[in-house]
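[1] Build the 3D model from these lines:
(chains A and B)
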Amino acid sequence: MGRLSGRLDDVTADAGYEDHPPRVGFFTDTSVCIGCKACEVACKTWNSVPDDGYLLTGMSYDNTQALGASTWRHVAFVEKSSEVSLPVDLGMPSMSLPGADPSAAGQATESGDGVVTWLMSSDVCKHCTHAACLDVCPTGSLFRTEFGTVVVQPDICNGCGYCVPACPYGVIDLREDDGRAFKCTLCYDRLKEGQQPACAQACPTESIQFGELDELRERADARLAELHEKGVDVARLYGRDPEDGVGGGGAFFLLLDEPEVYGLPPDPVVTTRDLGSIWKHVAMAAAALTGVGVAAAVGRRR
Amino acid sequence: MPGLGTSFGRGGATTNLQDLSNADCILIQGSNMAEAHPVGFQWVMEAKRKGATIIHVDPRFTRTSAVADIHVPIRAGSDIAFLGALVNHVLSNDLDFREYVVAYTNAAAIIDDRFQDTEDLEGLFSGYDPETGQYDPATWQYDDASAAASAGQRDPEQPTGGVGSDQHQKGHEAARSESHGSGGPAVEFKPRRDETLQDPRCVFQILKRHFARYTPQMVQEVCGIGPEQFAKVADELTRNSGRERTSALCYAVGWTHHSVGAQIIRTAAILQTLLGNIGRPGGGIMALRGHASIQGSTDIPTLFNILPGYLPMPHAEHHGDLDEYVAADAGKTGFWGNMRSYAVSFLKSYWGDAASAENDYCFDYLPRLTGDHSTYTTVKAMIEGRCKGYFVVGENPAVGSANGKMQRLGLANLDWLVVRDLQMIESATFWKDGPEIETGELVTEEIGTEVFFLPAAAHTEKSGSFTQTQRMLQWRDKAVDPPGDARSELDFYFELGNRIRQKLAGSTDEMDRPLLDLTWDYPVDERGEVDSQAVLQEINGTGPDGSPLSTYTELKDDGSTACGCWIYCGVYAEGVNQARRRKPHWEQDLVASEWGWAWPANRRILYNRASAAPDGSPWSERKKYVWWDAEQGSWVGSDVPDFIADRPPDHVPAEDAAGPDAIGGQDPFIMQTDGKAWLFAPLGVADGPVPTHYEPPESPVANALYPQQNNPARRSLTQSANPINPSLSEVFPFVYTSYRLTEHHTAGAMSRTLPYLTELQPEPFCEVSPRLARARGLENGGWATIATARTAIEARVLVTERLRSLRLGEQWVEQVGLPYHWGGNGITQGDSANDLVNITMDPNVYIQDKVGTCDIQPGRRPRGAALTAYVEEYRRRAGVGADQEKGDG
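    Residues are numbered from 1 along each chain as shown, chains lettered A, B, ... in the order given. From the prediction side, this is the model:
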């Protein structure tokens, strides 16, 4: 295993592949996502992922809720309304500025001038450059593929669950009735056949784009510039930066709001970043304890 | 689709999905395109990427609104008021594409001086008969160009061309307007014209007067849309239309499922025609059809009133022989003038050698209409014991059709019922577990219907073609054999035909000849499955030597050609299955002529002669598509010209020309008898020559535009199971509107039964605004009961700002959104929203109105007999009679 944090331009070579194909990944452009969930269905169908229960959550159109052992693509639906104030006679909470005439504001907004936005975003395993799940896996079930992606091997996984708290995004999880850990494989089997992952192929609006990571980053930069040019200042890239806490994601996103709004951690850090220093401190502590023990023993002898 | 058919000559989308990416502005209304047509929606997103403005006008803020530039919340059922105001905006500010309008539309046509508008008659047109609730369009006619002063001499009772008279009334009874799917209604003569558009009786001036009251203020009062928002939409549309720019319009069942459905589409057609957006790249009207092959099911119809290729079903009283049949419907000019060739070739494909000139090509073998045999009328006939047997195929009326209770009461009163489906659907199990069993309204032991459930093959298990939303046939091959006893529809009906013919073999009864003489000799493979390509070849048609035909212009009326569906002629040109072509779009241009095959004649944008100016040159370099190449003496471009290829733009037909010969060089609408797009429909629409706003049959408000509350020509269905909420009822103060979700497919048989789809939308729910939730004590995630005079259902509640409270003048209107996919069977179950919906129909196509009024209360609905009592109490409070007379408030 190579480095645990910091910038790493060839993670695949770092993992020990001498001659390897370019690193691939996803660029998910949420500005064109229409929330059709075709990615969720295509993923489950191709990978034979079981259903995840039949629960109406009441959280907009999101009945999947989060990524998990049986949900490898998750489309978040975020309803936001701003500057909407409702008529006071109904006793509704008002969000208009103090002193503004709430009934007049209500009239205007309720005739359709209010700002309602409905953000949709298809989340997925980030296939981190520094993947803590992989770092902590004691069995070698989790491994870095020749494509630079991170994959669990179900026939090796022993269900220890170390990977679960290790993931800074809460992606990987244990399947309750099975015991083992599962997550997105970036369709490793399809990649080996020269095909793109099922979710990207199913996406009707090219919100999910699959390709070589370097090229995707260029594409994302261009798209961001285009949106900024159009005045969409809220647009930002998430997980694109190779200098970030996980060394950049193999899957990254164009978002139209703060990451927290989508349920994403604002500044994820690979949980094993400090592993080296932790072990160093442990060693020092151990040495100190040993020293104390030796001193005590020596002292007793005295 | 008579809205488009009467306006342009063909009842299909005028454009294709790919071409939407050429649009500078796209108005989506009456459609939740991103959710219901997510794959086609990619081209809207492509247009947006290229800088187009996307406008979504819809009662709800949906996944389509989420990616649109502008969302305009509108009160469900008020579309004509909004579109009419856009028409008014264009007309009163001279924003129409005048050169296009004068040359290519009937704006200059002079109308009969007896015509009276809704302006004159308080919301009615001349010719209304209150007894029958029907219009006689005799006074809506063109003033005859060849007999300008003789309007009074014309005999309105003369049974020709469906004008006036008893003939016309019968035509309406049989929903004749549907036959304009390919070929506009036949007018008897070209009109007198005033090219200056100043004559007070010309269409342009009539339109101006008719729409004058459709003002932005009226839009606010009727639709709940503020003037600023209206102005924004009006500006975007007009700014992006004209010589250099084009705007497209997309609609779906959000427009068709209304008692004024055809007229909403007519308003859209008028708007797009005035803006010069028809027949041009990035323009047009994209009619988004439902199922994979809904367009196909009207082209080769599953409807009672038309035959393949929109040939009308003959009527018992008016179509004694082929001559009469052809005389009544064939246009004198345009391609519909060749109707006899289409009809004879069709008869030859059915009855082969048995059809000859001597026996009128077996015209007598065709069944005859005696009146309305549409689906809802048939259900009523079941309840009344007049219809004894029923095939339910690829359909789940107990969930998917309006007024589910009425559907189930009908099914329960049959002798036999055949259900063919992939799953055990509610329409097959209503007798043991339907909602009426729970309430005790039906008792299993007392239901006499013998139900035959036959497993059907899925689309992967059979080969065949789909005709999708842009009139394109795409072939699919069989991937796997169907399991067990499952069979394709083709196999089933072939075998059914075989068995019936075996039983009738040797019969000397004349009545059995139509079945015994049928060409019924399709080749079968080793599994006994019919070769579906042989059927496609039969549909394509063959010439005298048995070789496949290339185009419908080769069809003859002398019995030498056979063709199952004239508009599909060419799909097997040169003996090649053209629908099976799959050359990807990156290997050809955007028109992608080599992917699949589109009718007519593989044209992708219809009426594309209009993409060039009258002189044949492109309107602009930016919007160049099909143009006249004088050197070649031919129309050229990347699409197949929708015109006679070598007819020059300056061609003036001879006075006595007929059929295609009568099409002038500046008549882009070649299926219309006058070659023009119809801003005013002198014929073919049952409820008026120009669209008029009427309130839905159930409405919380009075019609602000006219004293006439509802569509006067609407078709009511009087039946005790179909009570109507009174308009302006305080008992039913809210508007409901039903719709689909991306995650489910129509009545749910193909989605509620699959875990991956069910988990994404596991339960029926309703969507309400925070204001309504507060007023009624509804909690997000909790339960609500929604009641109409038909029944009450329960659903979970989503309280969301995406549902807006609308202010109409002094009145607030709240709308309850209801996805309708659930029923009693499947992985998850729930009440069906369609049980709430009443049956009041559009008079053109007999489609119900998806909008009505309701009450909503927190909590779950009563169970068993208590539910019946609960609804009865609502009816009593609202003063709903069991047998309401049709009346207007």
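[2] Just give the closest residue to the residue in chain B positioned nearest to chain A, not the sequence neighbours.
    With Cβ to the nearest Cβ as the measure, B:Gly781 is the residue of chain B nearest to chain A, at 3.2 Å. Any C-beta I mention is one placed from the backbone N, CA and C, and that applies to glycine too. Using Cβ to Cβ, 6 or more residues apart in numbering or on different chains and skipping the chain neighbours, the partner closest in space to B:Gly781 is A:Gly58 (3.2 Å).
[3] From the structure, what's the count of residues near the one you found?
    Using other Cβ atoms under 10 Å in any protein chain shown, A:Gly58 is surrounded by 16 other residues.
[4] rewinding a little: looks like the residue of chain B closest to chain A contacts A:Asn63 (just checking).
    No: contact criterion Cβ atoms under 8 Å: B:Gly781 and A:Asn63 do not qualify, at 11.6 Å.
[5] what sits in contact with each of the two?
    Counting by Cβ atoms under 8 Å, 6 or more residues apart in numbering or on different chains, the contacts common to B:Gly781 and A:Asn63 are A:56-57.
[6] Please say which of the two ends up with more neighbours.
    Neighbour tally, B:Gly781 and A:Asn63, criterion other Cβ under 10 Å: the higher count belongs to A:Asn63, 23 against 13.
[7] Which residues are in contact with the closest residue to B:Asn403 other than its chain neighbours?
    Using Cβ to Cβ, 6+ apart and skipping the chain neighbours, the partner closest in space to B:Asn403 is B:Ile839 (5.0 Å). Shown in contact with B:Ile839 (Cβ under 8 Å, 6+ apart): B:376, B:402-403, B:406, B:717, B:719, B:722, B:848.
[8] repeat for B:Glu698
    Listed by Cβ under 8 Å, 6+ apart, the contact partners of B:Glu698 are B:724-727, B:732, B:788, B:838, B:849, B:851-853.
[9] If we only consider these, which is nearest to B:Glu236?
    Within these, proximity to B:Glu236 (Cβ to Cβ) peaks at B:Val851, which comes in at 26.3 Å.
[10] give me phi/psi at the closest one?
    Dihedral pair for B:Val851: phi -110, psi 140, per degrees, to the nearest 10.
[11] thinking it is in contact with B:His258, fair?
    Yes: applying Cβ under 8 Å as the test, B:Val851 and B:His258 come out as touching, 6.7 Å apart.
[12] what about those two, which has more around it?
    The residue with more neighbours, out of B:Val851 and B:His258, is B:His258; 30 against 26, by other Cβ under 10 Å.
[13] On the C-terminal side of the helix or strand containing B:Trp475, identify the next helix or strand.
    If you go by DSSP states H and E, B:Trp475 is part of strand B:472-476. Toward the C-terminus, strand B:472-476 is succeeded by helix B:489-504 as the next helix or strand (DSSP H and E).
[14] Which is the succeeding secondary structure element to that next one?
    helix B:513-516.
[15] one step back: do you know the pLDDT at the residue of chain B closest to chain A?
    B:Gly781 is assigned a pLDDT of 97 by the prediction.
[16] what does the one 4 residues further on give?
    The predicted structure scores B:Thr785 at 98 on the pLDDT scale.
[17] now it: how far from B:Glu794?
    5 Å (Cβ to Cβ, to the nearest Å).
[18] neighbours around residue 70, how many?
    Assuming you mean chain A. A:Ser70 has 19 nearby residues by other Cβ under 10 Å.
[19] that's the other chain; I wanted chain B
    Per other Cβ under 10 Å, the neighbour tally for B:Ile70 reads 17.
[20] again, but for B:Glu872
    B:Glu872 has 12 neighbouring residues, counting by other Cβ under 10 Å.
[21] what's in contact with the helix or strand encompassing it?
    Counting by DSSP H and E, the secondary-structure element that holds B:Glu872 is helix B:865-878. Under the criterion Cβ under 8 Å, 6+ apart, residues B:438-441, B:723, B:725-726, B:729, B:731-732, B:787-792, B:855, B:861-862, B:880 lie in contact with helix B:865-878.
[22] and B:Phe363, that one's in a helix?
    Yes: according to DSSP: H, G, I helix; E, B strand; the rest coil, the state of B:Phe363 is that of a helix.
[23] ok, back up a step: what residues do B:Thr785 and B:Glu794 have in common as contacts?
    Counting by Cβ under 8 Å, 6+ apart, the shared contacts of B:Thr785 and B:Glu794 are B:860-861.
[24] related to what we said a few turns ago, just the ones in helices from the contacts of helix B:865-878, please.
    Counting by DSSP state H, these place B:438-439 in helices.
[25] Just the ones of the contacts of helix B:865-878 in strands?
    B:787, B:792, B:855 (DSSP state E).
[26] how close does the last one get to A:Thr28?
    Read that as B:Asp855. Distance, B:Asp855 to A:Thr28, using Cβ to Cβ: 43 Å.
[27] ok, these two, which is more surrounded?
    Between B:Asp855 and A:Thr28, counted using other Cβ under 10 Å, A:Thr28 has the larger neighbour count: 29 against 22.
[28] Domains in the chain, by residue range?
    All of this is about chain A. Following automatic domain parsing, one gets these domains for chain A: A:11-271, A:272-302.
[29] should've been chain B
    According to automatic domain parsing, the domains of chain B span B:2-287, B:715-878.
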